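> build me a model from this:
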Amino acid sequence: MKNFIFSIRNYTIDDIRRLITSKEIAIQPKFQRRRRSWPLTAKTWLIDSIINNFPIPVIYTREFYDESNQRVREIIDGQQRITTIIEFLNNEWVLSNNISDDSLVGATFSQLPLENQQRILSYELVIQALRDVTDPDVIAIFSRINSFSQPLNKQERRNAEFSGEFKQLVYSLSANYYIFWIKNKIFNDTQIGKMDEALFVSEVLTTFRYGLKLLSPIKVDQAYKSYTERYNEAEQDESNFHKLISCISALFQYPIIKERFSKQVFFFSLFFVLAEELFNVNVLEKQPEKNFDIDVISLKLTAFIENYNHDVDKNTGLKQLFTQGTGSTTSRVTRHQVLSKYLRT
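This is a model prediction of the structure:
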């Protein structure tokens with residue numbers, strides 16, 4: 001079997017621009033997936049990541065000597081990222097409104113503050129070079145690399161496919177409450193690594209917009225698409241989310257409530273019931289907004305827990321209802337209705 005030679009180097013974006021301009025490195029589409037133009041929000045998200053010094057995936061190149069003994073370097077994976085960056089440096093497009101700094105919306109590269117321009121130009125890209133490899137070698141290498149990749153789950157695919165304001169809020173809330181997820185054992189690190197907490201936040205925000213009865217993976221995708229460019233309700237949805245986490249944190253001071261409602265199926269139901277009961281969020285039906293009385297709510301939740309633990313409601317299938325997982329819309333709605341009755345009595 002052939003031994004391939006690899007080398008890894010860091011190049012600044014300014015270095016890459018110079019190499020492309022001098023034709024010392026070529027953008028090579030041969031081994032890329034068929035190119036589709038990225039939407040403006042995706043381009044902006046990339047530049048936002050660079051300005052804020054977030055890592056972006058490795059760029060792959062190959063290096064060889066052509067028939068005239070000239071050294072050739074080609075980008076064989078990462079072409080879209082490099083093209084997007086170079087086009088931005090050339091002022092060919094402007095930043096959209098999903099940039100994290102609102103003052104930069106509508107700006108070209110040359111219109112950015114000098115500090116931001118320098119951040120971009122000095123940002124280091126990780127380049128992995130394959131030396132003296134043929135076209136079949138490149139195909140074999142990437143086939144081998146891809147064979148180790150686990151299939152993406154639905155939320156990971158959304159993360160790869162979408163950009164924009166909805167996605168930005170999802171991942172902001174997910175990250176902000178990392179300690180809350182871990183401390184209360186709602187999600188563990190493995191689940192967070194699979195973006196389970198981001199899926200939950202996505203479903204919460206989707207429910208805020210469309211209601212619980214319409215919640216489905218298709219509806220979540222629709223929310224990502226519909227609120228790419230403009231998400232007018234973002235501030236209100238974010239505020240409600242913060243308030244609900246605050247309410248649940250207060251309720252979790254009661255050990256009996258924390259023990260039961262930190263489990264995902266119960267936590268999800270509690271979150272949506274409180275959203276509807278306390279903040280008039282349209283989950284199933286509009287309710288008059290109420291004051292949060294932790295003592296009253298804790299007593300009602302404790303009554304629910306006692307009934308659940310003693311299986312008083314076994315004829316209604318209460319235990320079975322809350323052991324069916326979180327995904328079924330029908331089960332979610334039924335659980336919501338059952339828990340709502342306890343809080344309204």
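
> could you check the pLDDT of the residue lying farthest from the centre of the chain?
Distance to the chain centre peaks in the chain at residue 68, reaching 47.7 Å (criterion: Cα atoms, centre = their mean). Residue 68 is assigned a pLDDT of 81 by the prediction.

> can I take it that it is in a strand?
No - Residue 68: not assigned to a strand; according to DSSP: H, G, I helix; E, B strand; the rest coil it is coil.

> ok, which stretches of the protein are strands?
5-12, 26-27, 59-65, 71-77, 124-131 (DSSP state E).

> quick check, residue 53 in contact with residue 119.
Yes - with contact defined as Cβ atoms under 8 Å, residue 53 reaches residue 119; the gap is 7.2 Å. All C-beta spots, glycine's among them, are computed from the backbone N, C-alpha and C.

> for the residue lying closest to residue 108 once chain neighbours are set aside, which residues are in contact?
Nearest non-adjacent residue to residue 108, counting by Cβ to Cβ, 6 or more residues apart in numbering: residue 91, 4.1 Å away. Going by Cβ atoms under 8 Å, 6 or more residues apart in numbering, residue 91 touches 108-110.

> repeat for residue 56
Applying Cβ under 8 Å, 6+ apart to residue 56 gives the contacts 46, 49-50, 81, 125.

> repeat for residue 111
Listed by Cβ under 8 Å, 6+ apart, the contact set of residue 111 is empty.

> confidence score at it?
pLDDT, read off for residue 111, is 97.

> circling back to that earlier point, including neighbour count and distance to residue 225, could the contacts of residue 56 go into CSV?
Compiled in CSV, the contacts of residue 56 are given as follows (neighbours: other Cβ atoms under 10 Å; distance: Cβ to Cβ, whole Å):
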residue, neighbour count, distance to residue 225
46, 19, 19
49, 14, 21
50, 22, 25
81, 18, 22
125, 21, 30
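
> can you redo these as JSON lines with pLDDT and distance to residue 238?
Shown next, in JSON lines, are the contacts of residue 56 (pLDDT from 0 to 100; distance: Cβ to Cβ, whole Å):
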{"residue": "46", "pLDDT": "93", "distance to residue 238": "24"}
{"residue": "49", "pLDDT": "93", "distance to residue 238": "21"}
{"residue": "50", "pLDDT": "96", "distance to residue 238": "25"}
{"residue": "81", "pLDDT": "92", "distance to residue 238": "29"}
{"residue": "125", "pLDDT": "95", "distance to residue 238": "33"}
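
> among those residues, which lie within helices?
46, 49-50, 81 (DSSP state H).

> and which of these is nearest to residue 240?
Taking Cβ to Cβ as the measure, residue 240 lies nearest residue 49 of the ones in helices among the contacts of residue 56, at 27.7 Å.

> could you check how far the closest residue to residue 251 other than its chain neighbours is from residue 318?
Computed as Cβ to Cβ, 6+ apart, the closest residue to residue 251 that is not its neighbour in sequence is residue 257, at 5.1 Å. As for residue 257, its distance to residue 318 is 17 Å (criterion: Cβ to Cβ, to the nearest Å).

> ok, residue 279 next?
26 Å.
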